[in-house]
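**Q** attaching a predicted model along with its sequence, questions to come.
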Amino acid sequence: MKRAQGQRPGPQDGLIRAGLLSARSGSQATASRLTSRGTLVRVERGLYQGADAEISIHNSLAVVSAKAPKAVITLLSALHFHKLGLERPWQEWIALPRGSWAPRLTSLKLRVSWLDEAELAQDVEHHTIDGVAVKVFSPARAVVETFHFFRQVGLRPPSTPSRTTCAAPPTVCSR
């Protein structure tokens, strides 16, 4: 979404990089000035959000993708995004191209796996979360990779059975 030069970021902007703010206003002090006024909130180093912005439940995926545009959400994070997992993972699982640097985030824990470019391009879905383009592996690939990396993921049985995930009739699912 393009704005006129000097116009304030609003709730529709989602996550905003500091470079984009300085390009819009022509000043590098814009982010700190708007943060001190309460118009912006600093999410991470170099990443801001409008103070009145609506935050989605997948905001952490948008933060990771804003800091690492080549990242693809994988494993437990992809399962949670596609509503296939019972619990929210305590760290975000991403895949990056071999040889790239992992982003340093202060507010999130990351678990990074490095894959070839060809592997990263297969079965990828493109979504927009809080104004940021996010790449997520498809549900089928997320399930397959979770079984493939079973030891690294450390899956455990769910603490409570979920009736919504059972494909059988209710009489079979109830215990």
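**A** Looks like it came in fine. Numbering: from 1, shown residues only.
**Q** could you check how far Ser25 is from Ala31?
**A** Going from Ser25 to Ala31 by C-beta to C-beta, to the nearest Å gives 9 Å. The C-beta positions use only the backbone N, C-alpha and C, and glycine is treated the same way.
**Q** what about those two, which has more around it?
**A** Using other C-beta atoms under 10 Å as the criterion, Ser25 and Ala31 rank with Ala31 on top: 23 against 17.
**Q** so which strand or helix has that one?
**A** Assessed by DSSP states H and E, Ala31 sits inside helix 30-37.
**Q** got it, and Ala62?
**A** Applying DSSP H and E as the criterion places Ala62 in helix 59-67.
**Q** then Leu21?
**A** Taking DSSP H and E as the criterion, Leu21 maps to helix 18-25.
**Q** could you give the angle of that helix to helix 30-37?
**A** Interaxial angle of helix 18-25 relative to helix 30-37 (axes from the mean of the first three to the mean of the last three C-alpha atoms, to 10 degrees): 90 degrees.
**Q** do you know how far the residue most central in space within the chain is from Thr74?
**A** The centroid of the chain falls nearest to Leu61 when counting by C-alpha atoms, centre = their mean (0.8 Å). Counting by C-beta to C-beta, the gap between Leu61 and Thr74 amounts to 11 Å.
**Q** what of Leu40?
**A** For Leu40, the distance to Thr74 (C-beta to C-beta) stands at 31 Å.
**Q** is it true that Arg45 touches Ser107?
**A** No: using C-beta atoms under 8 Å as the test, Arg45 is too far from Ser107 to be in contact (10.0 Å).
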